[in-house]
Every structure is written in structure tokens, then in C-alpha cells.
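**Q** Just need the structure, nothing else, for what follows:
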Amino acid sequence: MAQIGWWEADFKNQKYTLSEFIVDLLCLESDTIEFKDLHNLVHEDYRDKLREASLTLKNQRAYELIFPLYTKYGITWVLSKMEFSKNTEQDNLKSFGYIRCLNDIEVNEKKLSTRDELNKLLYRQISISHSLFSFLQTDDISETVQKILKDILMQFNGDRTYIFEILPERNIQSCIYEVTAENVSKEQEFLQNLPINQTSWWSQQILSKKAIILNTLDDMPAEAEYDRNILEPQNIKSLMAVPLLSQKGVWGYMGIDIVKRYRNWSNADYQWFTSLANIISICIELRKSEKKAKEERQDLNNLYRHMPMGYLQMQVIYENNKVTDFKFLDANTAIEKITRLPIKSYIGEYASIATPHLNRELSMLKTLLETDTTEEHTYYHPESDKYYQYLLYFTKKDEMVILFSDITASHKVHLALKHNEEILRNIYQNLPAGIELYDKDGYLTDLNDKDLEMFGLKDKREVLGVNLFSNPNIPEEVKIKLRNKENANFKLNYDFSVINGYYTSQRKDVINLVSKATTLYDSQNNLTNYLLINIDTTETTYAYSKIREFENLFTLIGDYAKVGYAIFDALSRDGYALSSWYENIGEQDGTPLPEVIGVYQNVHPDDRAALKEFMGNVKQGKATCLRREVRIRRQSGEFSWTSINVLVRDFRPQNNIIEMVCVNYDITPLKQTEQKLIIARDKAEQLDKLKSAFLANMSHEIRTPLNSIVGFSSLLAETNEREERMEYVEIIQRNNELLLQLISDILDLSKIEAGTFEFVESQFEVNQTCLEIVKTLEAKVQKGVTLLFEQHLSPCYIHSDKNRFTQVITNFINNAIKFTSHGSITVGYEIISEDRIKIYVRDTGVGIPQEKLGNIFDRFVKLNNFAQGTGLGLSICKSIVSQMGGEIGVESIEDAGSYFWFTHPL
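**A** So this is what the prediction gives:
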């Protein structure tokens with residue numbers, strides 16, 4: 001019956017949990033035992049070996065040992081083997097294995113096996129010693145690493161050994177070494193700069209400093225699926241990989257792959273492989289450190305040899321505790337440049353012999369050493385006109401180092417700065433602007449002479465110490481800005497009457513200041529001072545105010561008279577213009593002149609072309625002045641008139657200066673007056689012609705009825721026939737009426753012209769008035785024509801002059817009677833709105849041509865020269881209707897009749 005039992009190792013609590021068989025075998029009272037207590041049950045010769053194996057159990061996957069135990073049977077040989085390990089939920093690693101008791105035959109076999117293992121171990125130790133020796137003997141560690149990897153490959157009969165370097169800051173890994181067996185492809189060139197999957201099982205094992213030992217890929221836990229999917233396509237049967245460590249942590253890992261067969265890794269395999277990995281890691285890190293140290297040493301040597309500071313090492317020679325001489329031990333090339341002596345000429349020599357020409361300098365050095373004043377000193381070398389600064393310090397009791405630096409340039413800079421400071425101080429004192437300097441708390445520490453003069457002070461001591469933030473004249477917003485470490489520019493009316501003891505000044509008036517307050521800082525950006533610069537602009541402000549008053553007056557005059565003024569340069573087209581100038585050319589006030597000059601977007605195209613041509617001629621020197629009336633398009637779309645007068649004032653094109661002055665003024669009212677005068681002239685001429693025609697017509701019109709009256713009056717006196725006499729009387733009567741109408745029209749016209757046309761208003765009824773007019777004029781209608789009053793509304797009253805109202809309707813009817821030979825003449829009215837009535841006369845006469853409807857109501861217009869009348873009736877009607885507050889009009893179709901109407905307020 002097999003004697004076997006299981007065990008579980010808890011590394012967190014340092015305890016074993018044992019099966020009943022092992023508890024009974026070891027005569028234990030409990031199934032748990034601490035690591036140290038179990039180790040004490042191992043035979044003394046094997047106890048240390050087991051303890052060491054237990055310490056490495058956490059980081060290895062292979063564990064198999066044979067050792068004797070003290071049991072209830074005495075000393076019993078057992079085989080202890082780890083089967084697997086895992087992490088619990090509390091991140092506690094636990095390993096599981098078994099212990100099997102061995103019989104005598106197995107013990108002997110194991111002893112023989114142990115001899116083989118000892119031989120292998122001896123070979124491996126020899127291999128390790130050779131590896132260490134190789135690292136010590138060669139400068140090329142790559143060759144040694146390759147040889148070690150090749151030995152590992154042969155020892156394990158493996159297929160590929162490799163070393164990977166991990167760069168955590170870039171999260172990549174690269175294969176830096178690789179050795180493969182015959183017929184196994186090399187993969188190193190494809191394994192460069194591979195990204196590291198931080199979540200993979202492989203990465204977590206390596207980065208947590210744990211070895212990966214796989215007898216088969218089935219040994220991989222479930223969470224290693226990602227890594228298994230990478231390894232399986234490579235046909236890897238077994239592998240082992242161990243982390244490579246440095247002081248900073250894991251910097252890579254070394255591994256071996258076996259693809260042709262499976263291998264059960266032993267603890268000895270792991271220990272040997274880990275040892276070689278540690279050796280390689282240590283040697284690589286040592287070589288890296290050595291390389292870095294060499295580089296740093298070389299850098300320091302280069303710095304020492306080539307630094308601009310001189311280095312001189314000397315031994316101090318004493319006699320009777322006094323410095324008698326110096327011996328030069330070492331120097332750099334900078335000393336050679338400073339002393340102008342070859343280094344080889346004095347290194348190893350005594351100063352008194354090698355450099356007797358430097359006795360003065362060496363005597364100074366002796367004095368410094370004897371007085372123990374070994375500080376920094378400045379030394380002037382007159383032969384080379386150089387300034388040097390040197391520092392002495394002791395490296396040993398009798399050895400000293402002197403560091404020299406050429407400060408000639410900085411010394412000259414210092415002198416230049418001192419000179420500049422004197423210049424600036426002179427400028428500061430004589431600058432035509434007041435300067436005040438305050439400390440960081442706002443207390444006045446200095447001011448220049450101009451500031452004293454500006455503020456009526458005799459001596460700066462009168463104001464030193466006053467606080468900037470207590471000045472009653474400085475606005476609060478400026479003080480707030482300065483407290484917030486902000487600069488401020490401001491204008492100030494400084495009133496000396498309100499300083500109220502802030503300081504005593506001889507001035508009592510008000511001055512105008514332009515001030516700039518600035519905060520000053522040191523090299524660490526700490527506030528050190530407030531600087532206040534004051535410029536007295538009192539006279540300038542007064543002059544400016546006078547100029548401004550003149551400008552305002554000129555602008556007011558320009559706006560009132562619509563006169564604009566502009567000064568501009570013909571080349572740059574920039575300048576200045578009054579708002580009235582912009583207005584006169586239809587531009588928005590303040591528009592940049594380059595957008596106006598040469599553009600003239602609101603000027604009539606014809607005038608615009610003339611202006612552009614003039615500007616071109618000015619630039620070529622062909623023209624110097626222009627006076628022109630131009631048309632300006634306004635926003636309404638209508639054009640106004642502007643007179644433009646331009647003059648070249650300064651013509652220096654070689655200096656890019658062609659200064660021009662332009663004065664423009666709005667002449668639209670003048671043009672409108674001119675147009676009205678032209679219209680009035682034309683109208684007067686027309687009226688003159690009409691009056692001439694009127695007089696000629698009147699003489700004809702008056703003569704005709706007078707001739708009839710005179711002629712038929714004579715015939716009336718000569719005939720005795722009653723019928724003839726009645727006919728003559730009728731003719732005379734008709735001509736009397738005609739003559740009376742002519743005279744009445746002439747009188748009305750004269751009243752209208754004189755403005756004495758009178759209206760006597762009263763209230764009357766429209767229907768009744770119209771019926772009366774119709775009844776009165778019925779007798780005058782020709783045969784075949786009917787005069788009627790159209791069906792009318794209920795009584796309609798209006799307030800107006802009844803006679804003038806009747807005159808208009810009568811005139812309409814009389815005109816209709818003249819031109820209607822058949823049909824009808826109809827009088828009527830209608831209410832067209834709540835406050836307006838429309839009266840009309842419609843006839844079926846000859847009508848009026850369309851081209852003559854436009855001037856039918858003008859004076860002296862007669863559409864038929866054969867019809868009786870003066871041509872004034874309708875014109876008088878128009879004037880009457882207009883003065884009664886109405887409108888007048890006509891509609892007509894030729895050969896169909898006319899429709900005359902007028903409106904009247906109700």
C-alpha cells in the first residue's frame with residue numbers, strides 16, 4: 001500500500017496544512033504546522049537545503065526534493081513534490097504538493113540519480129564560473145551573452161533561448177539577444193518595439209518578479225488565455241522564463257522554448273537557469289554603469305580641459321611654517337590662455353624657478369595664505385590688460401587649487417553700466433517730465449528736479465516719505481490698479497487747493513497732467529517700486545481747447561452753411577475731414593478717407609469719372625486745382641448738388657507727399673432756386689404769350705358780341721317788323737349775356753391773380769341748388785339734348801359759398817351745352833366718404849382727346865377755337881374748388897362724351 005499524503009503551503013501565514021497520513025507519520029497533534037517547525041523535523045544534513053528551497057517556492061513552478069525525515073518509524077526517506085500553486089482572493093499565494101515515503105530500493109535509485117544530478121550541478125557550476133570569467137575578461141558582453149545562451153540551449157536540448165528588454169516608460173519590449181537550435185527560425189528582427197499588454201497574465205507574472213515555468217501549456221491558468229493564444233501557434237511544448245532585475249525593478253526577462261518535446265522542469269533546472277539569468281542581468285547592469293561612469297568621467301575630463309575657467313593645482317612649500325615656494329602639479333588649457341605659457345613648461349616645476357616673471361603675483365599669493373585670507377579676489381594683469389577673478393581653496397593640507405576666470409568682458413560691462421547709469425541719472429535729473437519713485441509700500445523715495453518745479457517745491461526733502469496712496473488728487477481707480485500690481489495711464493486735473501497738508505506747495509492753482517504709473521519688479525518677480533511719470537500739459541491743454549473751440553465754431557458754421565473742409569494726401573488718400581464734408585458727398589461721418597478719396601461711390605458716374613481723372617492728373621503733376629458742381633446720390637435715390645473746390649497745397653511726390661485741400665458745399669437749394677427761376681421764367685414767358693394771345697382773343701371775343709349788339713341795334717331801329725325786331729332783340733340779348741360772361745371771367749381771373757377772390761360761406765341744400773341750376777339752364781340746351789338732375793338722395797346740406805358752388809356747376813353745364821348736339825347732359829352727386837361729397841356733370845358730347853386731358857384746367861386753354869369762350873372757365877373752377885378744400889378732375893372718351901367732377905367737404 002502506497003504511503004503518501006498531501007500538503008498545502010500558506011506563504012502569507014508561513015504555515016503548512018497536512019493530510020492525516022502526514023500528521024500521523026510525524027506524530028503531530030494538529031494538521032497545521034509552521035514552516036520552521038516542519039524544517040526542524042528534517043535531518044540536520046538536509047535541513048538548510050529544504051529551508052532554501054522553501055524560500056524560493058513562491059517564485060518557482062518546479063519543486064521536487066528527496067530528504068530524510070524524523071518520523072514515528074525513525075529516519076524515513078521521503079519525496080516531496082509541488083504539483084501547482086495559485087493566488088487566493090486575498091492575494092495570498094498557496095502551493096499544493098505531496099509527500100511519499102520511499103522504500104530502500106527507491107532510496108538507492110534516488111541516490112544514484114542524485115549522483116547524476118551532482119555531476120550535472122558540478123557541470124553547471126563550472127559553466128557559471130566560466131560565464132563569470134568570460135564577463136570579466138571581455139569588453140564585448142554581447143559575445144559572452146550569446147555564448148551563455150548557446151550553452152543553456154545545449155544543456156536543456158532546447159530550441160530557442162532569448163533575452164527581452166522592457167522599457168516601461170514607453171510600454172514596449174524588444175528582443176535584444178536570441179540563440180536558436182538548428183532548423184529553428186530566428187525571430188529577433190520581428191520582435192522589436194512590441195507593445196506590452198499590462199493586463200496579460202505573462203506581463204503580470206514577469207513585472208511582479210515571478211518566474212514562468214511551464215511543463216506544458218496546460219499548466220497555464222485560465223486567465224492566461226491571451227498568452228496561450230500567442231504561444232500555441234509557435235508549437236511551444238515547454239518553456240521557462242525568469243525576470244531580469246536591477247535596482248529599479250524588472251528591466252527584462254530571459255527564457256527558453258522547447259518545441260520538439262515536453263520537458264518536466266526540475267528545481268535544479270530552475271535554480272541553474274535563474275543563476276545564469278542573474279549573472280547576465282548583473283553583468284549587463286554593471287557594464288551599463290561602467291559605460292555611464294566612463295562617459296561621465298570623460299565629460300568631466302572634457303569640462304576640466306575645455307572649460308573657460310582656469311584650473312591650477314599647486315603644492316605649497318613650507319619652511320619653518322612659512323610659505324616659501326609653490327610647485328605646479330596640474331593645470332588645464334584655459335590656464336595656458338590666461339598665462340600665455342605652455343603648460344609643459346612649468347608642470348612639475350617650482351614656481352620660483354619655472355615662472356620667475358610671476359614673482360609679484362606669487363608674493364601676493366604668499367601674503368594671502370599667511371594672512372589666511374583665502375577668499376575671492378580680483379586681479380588686474382597690466383601686460384595683457386585683463387581682469388581676472390580667482391578663488392583659492394585647499395584640497396589637502398599642503399595642496400591648493402586656484403580657479404581663474406577672465407572677467408575682463410564683465411568688468412567692461414560693469415564700467416559701461418556705470419557710465420550708462422551716470423547718463424541715465426543725468427537724464428533723470430534733466431528730463432522735461434516729472435519722475436517720482438516710491439517703494440513697494442507706496443512711500444516716496446526720490447523725485448527729479450522737473451517734478452519739484454511742477455509741484456512748486458524747493459527741496460525734495462519736503463516730500464520724501466509721503467505715501468502715494470494718500471494723495472487726494474490721484475483717482476481711487478488708479479490706486480486700486482496699483483494695489484493689484486497693474487499699470488495705469490491717466491489724465492489728471494491736479495488741484496493744489498485740495499492737498500490739505502499732504503505736503504506744502506507754493507502753488508495754489510490747477511495744472512493738467514498726463515501720468516503713467518508703473519510697477520517695478522526684481523529678478524524674482526517681487527514688487528520693489530512704483531514709478532510715476534508726470535507730464536505738465538496745462539499749456540498744451542489750453543491751446544488745444546482754443547483749437548477745439550475754433551474747430552467747433554468752424555464745424556458749426558460748416559454745418560449751418562453746409563460747407564465742408566478736408567485735408568488729405570493724394571498718394572496715401574489719408575487725412576482729416578469735417579462731418580459736413582462727408583455729408584456733402586453722401587458719405588457716413590468718420591468713414592476712413594482712403595475709402596472715399598478716389599472711390600466716390602455716391603457721386604454720379606459722369607462726375608465720378610471727372611474727379612478720378614483730376615486725381616490722376618494731380619499725381620502726374622498735370623493739374624493743381626478743380627472747381628466742379630457734382631451730383632450726389634442720396635439714400636432716397638434722389639440726387640443733390642455739391643460744389644467741389646480742390647487745391648494742391650504741397651506737391652512733393654519725391655517724398656511721397658501731395659497734400660490737397662478740399663472745400664465743398666451743398667448747392668442743392670441754389671440749384672432748386674435756379675430751377676424754380678427757370679420754371680418761373682418759362683412760365684412767365686408762357687403767360688406772356690398766353691396773355692398776348694388772351695388779349696388778341698379778348699379783343700376778338702369782345703368785338704364779336706359788340707359788333708352783334710351794335711349791328712343788330714341799328715337793324716332794330718330800322719325795321720318795323722315785329723318778328724324781325726324780336727329776333728334782333730334775342731340776338732342782342734344773347735350777345736349781352738356773352739359779353740357779361742366774358743367780363744365776369746376776366747374779373748374773376750384778376751381777383752385770383754390779386755388774391756382777393758372772396759368766399760361768403762353759408763349752409764345750403766345741394767339738391768335744391770342743383771335743381772335751380774338745371775331749371776335756369778334748360779332753355780340754353782340745343783334741340784335733341786336733355787338737361788336733367790339725376791335721381792338724388794335725401795336732403796344733403798353743405799357749408800360753403802353757394803355762388804361759387806353754383807359757378808362751378810354752371811361752368812361745367814355751359815361747356816357741356818357747347819359740345820353736346822344730341823343725347824343728354826346729366827347733373828348729379830354722390831357721397832364718397834363720411835366727410836366728402838362728389839358733384840359731377842356727364843354729357844354725351846364730342847369728348848376730349850386723351851393727349852389734351854392733362855392741361856384742360858390750365859389758363860387760356862381752348863380745345864376748340866371755333867367755340868365761344870376765353871379759355872378761363874375751367875381754370876377759374878379749379879381755383880374755386882381748391883380754395884373750397886376739394887379736388888377737380890375730368891374723364892373723357894373722344895366721340896362718346898365727358899365726365900367733369902369736383903369734390904367738396906361735407
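**Q** so how far is stretch 188-199 off the chain centroid?
**A** Chain-centre distance of stretch 188-199: 44 Å, with Cα atoms, centre = their mean, to the nearest Å.
**Q** try stretch 511-524
**A** Mean-position distance between stretch 511-524 and its chain equals 29 Å (Cα atoms, centre = their mean).
**Q** hmm, who's touching it?
**A** The contact list for stretch 511-524 (Cβ atoms under 8 Å, 6 or more residues apart in numbering) reads 454, 478, 481-482, 485-494, 496, 527-538, 540-541. (Each C-beta comes from the backbone N, C-alpha and C, glycine too.)
**Q** after the helix or strand harbouring residue 542 comes which helix or strand?
**A** In this structure, residue 542 is located in helix 538-561 according to DSSP states H and E. Tracing the chain past helix 538-561, the next element assigned as helix or strand by DSSP H and E is strand 563-569.
**Q** Now tell me what touches the helix or strand that that next one is followed by from outside.
**A** The first helix or strand that comes after strand 563-569 along the chain, using DSSP H and E, is strand 575-577. Strand 575-577 is touched from outside by 564-569, 593, 597, 662, with contacts defined as Cβ under 8 Å, 6+ apart.
**Q** 6 Å instead, please
**A** 566-568, 593 (Cβ atoms under 6 Å, 6 or more residues apart in numbering).
**Q** Which among these count as buried?
**A** Buried residues within the contacts of strand 575-577, defined by neighbour count using 16 or more other Cβ atoms under 10 Å: 566, 568, 593.
**Q** Does the second one touch residue 593 like I think?
**A** Yes - counting by Cβ atoms under 6 Å, residue 568 touches residue 593, with 5.3 Å between them.
**Q** quick one on the thing from earlier: state the mean pLDDT of the helix holding residue 542.
**A** Model confidence over helix 538-561 averages 69 on the pLDDT scale.
**Q** same deal with stretch 353-368?
**A** The predicted model gives stretch 353-368 an average pLDDT of 68.
**Q** following the helix or strand where residue 814 lies, which helix or strand shows up next?
**A** Using DSSP H and E, residue 814 maps to helix 802-819. Sequence-wise, the next helix or strand beyond helix 802-819 is strand 823-833, with elements assigned using DSSP H and E.
**Q** what are the pairing partners of the helix or strand following that following strand, and which direction each?
**A** Along the chain past strand 823-833, the next helix or strand (assigned with DSSP H and E) turns out to be strand 836-843. Note on strand 836-843: by DSSP bridges, its sheet partners are strand 823-833 (antiparallel), strand 897-905 (antiparallel).
**Q** Let me have these in TSV, extended by distance to residue 159, mean neighbour count and mean pLDDT.
**A** Written out in TSV, the entries for those read as follows (distance: least, Cβ to Cβ, whole Å; neighbours: other Cβ atoms under 10 Å; pLDDT from 0 to 100):
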stretch	distance to residue 159	mean neighbour count	mean pLDDT
strand 823-833	117	17	93
strand 897-905	122	21	95
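**Q** Let's have those strands in a markdown table, adding distance to residue 346.
**A** Below are these laid out as a markdown table (distance: least, Cβ to Cβ, whole Å):
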| stretch | distance to residue 346 |
| --- | --- |
| strand 823-833 | 129 |
| strand 897-905 | 132 |
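**Q** Of all those, which one comes closest to residue 801?
**A** Minimum separation from residue 801 across those (Cβ to Cβ) falls at strand 897-905, 10.6 Å.
**Q** what residues does the closest one touch?
**A** The contact list for strand 897-905 (Cβ under 6 Å, 6+ apart) reads 798, 812, 835-845, 847-848, 881, 884-892.
**Q** ok, of the buried ones among the contacts of strand 575-577, which one's closest to residue 269?
**A** residue 593 (96.1 Å).
**Q** any idea how far that closest one lies from residue 576?
**A** Separation of residue 593 from residue 576 (Cβ to Cβ, to the nearest Å) stands at 8 Å.
**Q** Next: residue 596.
**A** Spatial separation of residue 596 from residue 576 under the definition Cβ to Cβ is 12 Å.
**Q** Of these two, give the one with the bigger neighbour count.
**A** Residue environment comparison for residue 596 versus residue 576 gives the larger neighbour count to residue 596, 22 against 10, counting by other Cβ atoms under 10 Å.
**Q** Who are the contact partners of that one?
**A** The contact partners of residue 596, taken as Cβ under 6 Å, 6+ apart, are residue 587.
**Q** mind redoing it with 10 Å?
**A** Counting by Cβ atoms under 10 Å, 6 or more residues apart in numbering, residue 596 makes contact with 566, 568, 573, 575, 577, 581-582, 585-588, 602.
**Q** In JSON lines: the residues you listed, plus pLDDT.
**A** Formatted as JSON lines, the entries for these read as follows, by pLDDT from 0 to 100:
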{"residue": "566", "pLDDT": "90"}
{"residue": "568", "pLDDT": "92"}
{"residue": "573", "pLDDT": "90"}
{"residue": "575", "pLDDT": "90"}
{"residue": "577", "pLDDT": "89"}
{"residue": "581", "pLDDT": "89"}
{"residue": "582", "pLDDT": "90"}
{"residue": "585", "pLDDT": "88"}
{"residue": "586", "pLDDT": "89"}
{"residue": "587", "pLDDT": "90"}
{"residue": "588", "pLDDT": "89"}
{"residue": "602", "pLDDT": "91"}
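**Q** Can you tell me which of those is closest to residue 285?
**A** Out of these, the member with the shortest distance to residue 285 (by Cβ to Cβ) is residue 573, at 77.5 Å.
**Q** What is the neighbour count of the closest one?
**A** Using other Cβ under 10 Å as the criterion, residue 573 is surrounded by 17 other residues.
**Q** For it, grab phi and psi.
**A** Listed backbone geometry of residue 573 is phi 60, psi 20, with angles given as degrees, to the nearest 10.
**Q** and what of residue 17?
**A** As for residue 17, its main-chain torsions (degrees, to the nearest 10) stand at phi -110, psi 130.
**Q** how about the residue nearest to it when sequence neighbours are not counted, what does it touch?
**A** Counting by Cβ to Cβ, 6 or more residues apart in numbering, residue 17 lies nearest to residue 8, which is 4.3 Å off, once chain neighbours are set aside. Contacts of residue 8 were listed using Cβ under 10 Å, 6+ apart, and they are 15-19, 31-32, 85, 94-97.
**Q** Quick check: neighbours shared by residue 593 and residue 576?
**A** With the criterion set as Cβ under 10 Å, 6+ apart, the overlap between the contacts of residue 593 and residue 576 is 566-568.
**Q** nearest to residue 755, of those residues?
**A** Comparing the shared contacts of residue 593 and residue 576 against residue 755 with Cβ to Cβ picks out residue 566 as the nearest, at 47.8 Å.
**Q** So what pairs up with that closest one in the strands?
**A** With DSSP bridges as the criterion, residue 566 is bridged to residue 577, residue 662.
**Q** Quick check: residue 222 vs residue 86, distance?
**A** Per Cβ to Cβ, residue 222 is found 11 Å from residue 86.
**Q** ok, these two, which is more surrounded?
**A** The residue with more neighbours, out of residue 222 and residue 86, is residue 86; 10 against 7, by other Cβ under 10 Å.
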